[in-house]
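Student: turn this into a model:
(chains A, B, C, D and E, ligands or ions: 4)
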Amino acid sequence: MGLRWLALLIAGFILAIPTAAFADDDPTPSESPSESSSATVDSTATPTDVTTEEPVKPSGPGIAVTLVNSSDKSKEFPKGRPLEGVTLTVIDSSGAEVGSAVTDATGLAFIPVEALDTYTVELDEDTLPDGINLNGSNQSDPVKMRLMAPTYVDFPIGATKGEKASFGDKLAQSLASGIKFGLIVALAALGLSLIFGTTGLTNFAHGELITLGGVLTYTFNRSVGLPVILAGLVAVLLSAGFGWAQDKGLWAPLRRRGTGLIAMMIVSIGFGLFLRSIFQYIYSSSTKTLSQYTTQGAHDFGIIKLADKEIAIILIATVAIAGVCVAMMKTRMGKAMRAVSDNPALAASSGMRVDSVISTAWVLGTAMSGLAGVLLAVNSQVNFLMGFKLLLLVFAAVTLGGLGTIWGALIGSMIIGIIVEVGPLFGVPSSIKEVGALVVLVLILLVRPQGILGRRERIG
Amino acid sequence: MDGEQMTDATLPKLGALVDVPNEPGAKKPDPIVVGDDISRQFGGLRAVDVGHIEIQRGVITALIGPNGAGKTTLFNLLTGFDQPDSGSWTFNGQPIHKVPAFKVARRGMVRTFQLTKVLSKLSVMENMRLGATGQMGERWWMAPFRFLWEGQEREITERADELLVRFKLDAKKEDFAGSLSGGQRKLLEMARALMVDPELIMLDEPMAGVNPALKQSLLGHVKSLRDEGRTVLFVEHDMDMVRDISDWVIVMAQGRIVAEGTPAAVMADQRVIDAYLGAHHDTDLSDLDEAAIAEQVMTEIQEGE
Amino acid sequence: MDLMDVLRAALTQALGPNAIVFALAAIGLNIHFGYTGLLNFGQAGFMSVAAYGLAVTTVMADLPFWLGIVMSFLAPILLAIVLGVPTLRLRADYLAIVTIATAEILRLIFGSVEFKEQFGGSNGITGYAKTYKDMNPYSGELDLGILRFSKDDLWSVTVGWTLVALGCLLVWLLMRSPWGRVLRSIREDEDAVRSLGKNVFAYKMQALVLGGMFGGLAGLFLALKQASVVPSDYSTNITFFAYTALLIGGAARVLGPVVGSIIFWFLIAGLGSIFNQLTDGADPILPTWLMTDTQASLVRFIVTGLGLMLLMIYRPQGIFGDRREIAIDGR
Amino acid sequence: MSDTDSIRAAHQTAAEGAVLRADNVIAGYLPGVNILNGADLYCLRGELVGIIGPNGAGKSTLLKAMFGLVKVHEGSVTLDGVDVTNQRADQLVSQGIGFVPQSNNVFPSLTIEENLEMGCYQDPKRFTERFDFVTDLFPTLGERRKQRAGSLSGGERQMVAMGRALMMNPSVLLLDEPSAGLSPVMQDEVFVQTRKINKAGVSVVMVEQNARRCLQICDRGYVLDQGRSAYTGSGRDLAGDPKVIELYLGTLGATG
Amino acid sequence: SDDGDKKKDDDKAGSDTSSSAPAPTGDGKLVFGSLLPATGSLAFLGPPEFAGVDLAVKDINEAGGVLGEDVTNVKGDSGDTDSGIAPAETDQLLDAGSDVIIGAASSGVSLTVIDKIMSSGSVMFSPANTSTAFDEGDYADPDNYFRTAPSDILQGAVLANLLVQDGRKNVAIMARQDAYGETLAEQVKANLEAQGSEVAVTVYYGEKAQSFDSQVAEVAGAGADAVVLIAFEETTSIIPQLIQAGVGPQDIPTYFVDGNTASYAQDASAPLPPGTLEGTKGTIPGAETADDFKARLLEVDPDLKDYAYSAESYDAVIVSALAAVEAGDDSGDAIAQHIVDVTGGGTKCTSFADCSALLADGEDIDYDGVSGPIELGDTGSPTAASIGIYEYDKDNNITPVDYIAGQI
Ligand SMILES: Nc1ncnc2c1ncn2[C@@H]1O[C@H](COP(=O)(O)OP(=O)(O)OP(=O)(O)O)[C@@H](O)[C@H]1O
Ligand SMILES: Nc1ncnc2c1ncn2[C@@H]1O[C@H](COP(=O)(O)OP(=O)(O)OP(=O)(O)O)[C@@H](O)[C@H]1O
Ligand SMILES: [Mg+2]
Ligand SMILES: [Mg+2]
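Tutor: Ligands and ions are numbered 1, 2, ... in the order given. Next comes the predicted model:
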């Protein structure tokens, strides 16, 4: 336990520094906005700006074209300069000319049309200033007009594309995200694994234990007004308390009745549904934001960009995970937990208080999941489904590593986290990026049915 | 070897084995199982490392050896429950070292488990019925039609009833097998294997935890199996039983076969006595000098301080 | 509060098409989990391939309706085999995760933009159910006061309960046979069964296919009665709820899943209706600070969750189950 | 009837001052089905008591009932004169009772060393000292200390189970078939060691199917049948009783 | 209610005439059932929609009801497609004698119940379905399905036009993968490309996505000069991550759609730090939600924060009621035959009281509602509508900038 406090302290410290540096009233935290975007934003010649000055704002149905030079080749016409005097012609679907116009000083030309129909626009390249070239056809695609207002058509002049990130950069960035995500998953997975490793229970309500950390942070942050760090601390503590309470109130009585594991698993499905609905009852279904660190910008570390809160998340998670792993390996309690899971009756015969060992597992497991929820909340805000959505990946992680093994849960989580985030770079459609991780899970289990670190049972 | 019936069933059936030399890996006149270079390693531990093994058909062979000698592992390998690192073996002349476990059993080589595997939530009777082979009702396309398998089921039940009486489990017939005591589970395990009607039955410590009186009456049953022409291979640590019913004894230690021979010859072997049987094994422990023990205890206590 | 309305709402759902979908899915799970011990948490996957089998064949490939039906029978069988060959050797809890994962993979792929051409994206597919609707022999609705079915539902209910009855009959016939005995033995200890010369893999596969076919049947029926196939219908929740229904009724009992589904829907609809009435209108019975009408519809889930927990605590064997069987459980 | 009553009365007088005693215990696993039907047993301080009997007689159940693992419906269990009926097992452990179950008696996913460590869970300081003692007795356990118990052979498991009990420092030791599955030399070792421990002052109650051996070393024996004690007497008496031989011991190996 | 109000297997004739009304088949009481999201992932859309329905019912009854009877409103919860409760709830609504079912909000949910409702003879009138699926295939025919929300075609056109107008030449689209997000993203993309802008990347995230990191990274790596975010309430998770990746609204101009153009001010349910969204633009279908309409909604539901689709819900109820008045019959099928008629061609009127008075005088009416001119076409979807363009101020509140009318 001691180690976690340390972790939280360190993390709190780290989080506190940027609070001072980027107070939340400074909403433009990005230190290096990219070139292309600044060009657009800073451009003094955007049509909207101009039209406010010029009285000739086009109105009514028609085709409008604004020509601006985006190429920086020509000295005479710098980038962002409107092109005047270019002739544009609108042709209807039968090929007949509807009308034409010449761009004014702001680069704008407007050709009103009578009917909402499909039109093509043609640019007379001869009227373009010298040294300025079109990047493509001088005829637009057919435009189906629907609006009772000007329909704008654009002709690209000069480069339009911003610089795309290189594959290597993307890979580094996704790896970083993957590690961060993997660590959050790992916290939750360790919690699940602890409980599974002690009671044998596949806890389908585990997602809600993650959510609990998130919603408690939100409550103490927004409703009580504590700073996020303090609220998170309280949330972890209360999660631990909740772990204790749910064991005493629900699982211990079930064990005393000799309820089977499958029946308990179904109870956990019910419990999950119950908690989820309660969360929604209280917090409604919208995504809630925390009061701090919501819009923290990233630092550029060369190949990757990370915000301070992301660094803090990674550090806190690492410290907490390391603490728990060491505790599990070294202390008597860790062995007692495995012993209880192997054979509760024999554990009692060896003098263990089975109930208190299990209780400890619940407290620790729920606290870890709560911490995962807190970190998730800092990373991507709070929603009553946040844990439930994560549950399948947590299960996948725990299974992948080998059920009930602490290191297995850790390795599984990192693999899952990284594959989820890196997969899209290798062709997994990003809308279903979880598929990549799930497929890997299935494939690995085909080769190693007992999970990566799981062991085969002896027969006979 | 079917023609060779002993008149007195209680006598060891040496017959064909009389000429077989008492040495490890000895060739038998009519082996049912022949294995070569079977090895299995767990990490650095060579659990089984058998150069050559033959099991004579139609006799009772005992497999003995210290704990962890590899007896169970050898059983696992022979019956396809575990895969060897190397080696091959045949059953009835056919290679079966790559055959899956259930096919091995179907060919007539059935084993029991040292740590019993009863089907807890099935009744004892259902456990028994499951053992029977060739049940038509076990094929899905016949299963729904009761009339197709009713008759067979009745026969099976009769056979099971008989066995249960013999194993003193008849009173427990309708109880869940999960509610049996430790010894009763052993009994059920053996009885169920007999339901398969195997040619070779491999029993892994069948009598551990079985009451001596019942054990004795069951030995008669095992002998009658032999007399029906079946082959029995069993692992046992009870030397009285080994001496009483086995015709041939194979001794394993540290994965290898270290001795083979008739019960009397093997048990007289000094190496076997040293490593396995122990000096006291034929003495009455209550005859051990109580004073000696007390003395030993005293010295130990002194040492401890 | 109109108790009559509550009762009608509850009964109509309890005997209506939704309960049938769950009953069919739960019968399949009963074969998988109740009898064979295969912890299949991917029943939604079997349902979805059957539903998409029909919809894709008839709408996307423009083939006859009956061919679609055939496809929706073949698809779950194929899935069972493809899934079973590699995974049946996994331990129960591993199998659970792999099946969940498979069902989710299928659902995500069915709903993805990339495969919109083939599977209709997240809008799903409609427009295949005309033949089914046209076969409806009824010309009017059924109204028994406490039970009311529209014309379409009446047809679905007729078809559905017939299927459920046939399914139960088949399960009953199979499970009292030696074949059923082998399945139950596998549930207890595979190695023991193997040592007796039974091909455990083949039996598991048979059970997986049979249970998967019932899952498929549930999906097909859902697709027909609803006339649309939407990927989000086949999320893991539906598997969870089917398990709930199964355990309410009692696993490894022929009628367990059916009774469970009926009770499940009776409760869901009944509770929904009660709390709706309690919070409805300008001057609701329950004060709004306690419960708004938005929150009211949550209460049934809260109560369902609670109910499931209480049921497992006080009657872990379900309605029909055998108390002794539970007591044997070794842990 | 009066015969059994008088026997029971005699038994009860003899039980005065026993360190562990069970009186008229009625217990069972399922409601309505009693496995023990009024079993009596006592064990004096420093005594070695053996229990034999047919399979399913209720021997293991009796041990479990005394150890709080099976619910006692009627009757009482006393430890040093204090009623401990239906007490939690871990509490009994701290009061000095040790128990080796018949089956499932190791933690499969723990290594041998960890299994033994669990033996002195309540007193971890004694670990090194006792560990040396146990590995001296069963050298295999020392050699394989990092092997998971789940992968051990049947006999090796039994050694671990016995070793775990030896790690404790109990005043009363309940052993359920400690010799099952062990090789003859190891069986003898277990019997001799049990006797030794007993001589060192530990009261032992041991259930055995290796009945002859058990009766050879015990001070007093019980024959349990159908949930009650059918015969009691000194080990030698029982081993010689023709009734006991016929019903429970058999003749196999008796003359050898 | 009784069974008499459901006309069965009777092929509907052309839906345009109001002549020779057949004998009424309804029970005389017009009942609305609202099948709107109270639970599930779309629950945040529910309150304004419920409020719109409630307000309309109130207005109708204050104006004397329909056919001399007060209209009533039964509530149902559509959930999301995940919970699968929509069909069961629909049964309950139909049981309660609903002649018109207002709902569902999500196109996906609507598809699960559309057949059930249509074949029961009731009207299904969605205030918020924007998927193009309802104008295609089986549902293209005139039938019992209607909606007041314009299909995504128009919003897509307006948003794309706005982008081109603002000079965005290389746009990244990030969209929720569902019936809503997909269609809208496709429409925006198609229009952008036709009008000469490029789409740098279109990334989708799953409805249940837990992390948006890889999608955000893809957007950030695309080198785009504008971001279109088609999302629901998860916007509050995505925006911070966009900012983290250096492509937040203050780095690159960002555009919202109706799903997320809501208030993120400090008093909203999910506030973002002030200034975060300043200058961001968004589109919402519907004419200006007039302040007095908002005020009246607040009377119905004082807790209301957003107003999305409240006007559409309101209009759906009013239009149905007017159709019932014109038909002189409250059965679903009768209403269905008159809905298109009351929304187009005739004397314009803008409130239930006015319109029903005109109808009583035997006039043909053209109802123009709070959500726009409302001209429903043959497929039951609006043929004309107006889309509002909004812009965020430094407090993350939206203010309308422009309304653009268009035809679909
Ligand atoms: N799965 C396994 N992993 C590691 N070691 C194993 C495994 N199975 C067996 N062993 C080791 O192999 C050796 C042989 O085991 P086996 O069970 O065959 O012994 P045995 O001869 O049957 O002993 P016993 O008489 O005690 O039953 C033992 O030392 C055991 O610890
Ligand atoms: N978990 C249980 N549930 C129900 N009945 C049980 C259970 N365990 C044992 N029994 C029954 O209780 C009776 C006594 O069992 P017990 O284990 O005490 O026998 P035992 O004397 O130890 O036999 P053995 O020598 O075979 O170990 C048996 O008839 C058995 O069927
Ligand atoms: Mg062995
Ligand atoms: Mg016993």
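
Student: going by C-alpha atoms from here, please, whenever you check contacts or count neighbours.
Tutor: OK.

Student: so B:Asn76 touches B:Asp82, yeah?
Tutor: Yes - with contact taken as C-alpha atoms under 8 Å, B:Asn76 and B:Asp82 are classed as touching, separated by 5.3 Å.

Student: what's the neighbour count on residue 57?
Tutor: Answering for chain A, as no chain was given. Using other C-alpha atoms under 10 Å in any protein chain shown, A:Lys57 has 13 other residues around it.

Student: oops, chain C please
Tutor: Residues within reach of C:Thr57, counting by other C-alpha under 10 Å, total 21.

Student: wait, it sits on C:Val70?
Tutor: No - the pair C:Thr57 / C:Val70 is not scored as a contact, 9.6 Å apart, by C-alpha under 8 Å.

Student: return every residue with contacts to both of B:Asn76 and B:Asp82.
Tutor: When contacts are counted by C-alpha atoms under 8 Å, 6 or more residues apart in numbering or on different chains, B:Asn76 and B:Asp82 have A:Ile459 as shared neighbours.

Student: and the average pLDDT for stretch D:56-63 is what?
Tutor: Here stretch D:56-63 scores 90 as its mean pLDDT.

Student: hmm, that stretch touching chain B?
Tutor: Yes - contact of stretch D:56-63 with chain B (C-alpha under 8 Å from any C-alpha of the partner chain) involves D:56, D:60.

Student: okay, now the unreliable bits of chain A?
Tutor: In the predicted model, chain A carries pLDDT under 70 at residues A:1-56, A:73-75, A:159-162, A:460.

Student: ligand 1 contacts on that one?
Tutor: Where chain A comes near ligand 1, counting by C-alpha under 6 Å from any ligand atom, the residues are A:Arg458.

Student: can you show me the strands along chain A?
Tutor: For chain A, the strands defined by DSSP state E occupy A:62-66, A:87-92, A:97-102, A:108-112, A:118-123, A:143-144, A:150-153, A:298-301, A:304-307.

Student: right, so of those strands, which gets closest to chain B?
Tutor: With C-alpha to the nearest C-alpha, the closest approach to chain B among those belongs to strand A:304-307: 43.1 Å.

Student: chain center to that closest one: distance?
Tutor: If you compare the mean C-alpha spot of strand A:304-307 with that of the full chain, they lie 14 Å apart, counting by C-alpha atoms, centre = their mean, to the nearest Å.

Student: neighbours of the closest residue to A:Trp244 other than its chain neighbours, just the number please.
Tutor: Spatial nearest neighbour of A:Trp244, chain neighbours left out: A:Val363 (5.1 Å); criterion: C-alpha to C-alpha, 6 or more residues apart in numbering or on different chains. By the measure other C-alpha under 10 Å, the count of residues near A:Val363 is 25.

Student: ok, A:Val363 touching A:Phe242?
Tutor: Yes - using C-alpha under 8 Å, A:Val363 is in contact with A:Phe242, at 7.5 Å.

Student: low-confidence regions, the stretch 251-400 of chain E specifically.
Tutor: Judged by pLDDT under 70, the stretch 251-400 of chain E has its weakly predicted residues at E:288-290.

Student: for chain C, give me its nearest residue in it.
Tutor: Of all residues in the stretch 251-400 of chain E, E:Val300 sits closest to chain C, with a separation of 9.2 Å (C-alpha to the nearest C-alpha).

Student: same list, the strands of chain A, but as CSV with mean neighbour count and distance to chain C please.
Tutor: Formatted as CSV, the entries for the strands of chain A read as follows, by neighbours: other C-alpha atoms under 10 Å in any protein chain shown; distance: least, C-alpha to the nearest C-alpha, whole Å:
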stretch, mean neighbour count, distance to chain C
strand A:62-66, 25, 32
strand A:87-92, 21, 32
strand A:97-102, 17, 38
strand A:108-112, 24, 37
strand A:118-123, 22, 27
strand A:143-144, 20, 24
strand A:150-153, 26, 28
strand A:298-301, 16, 31
strand A:304-307, 20, 29
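
Student: no further questions, thank you.
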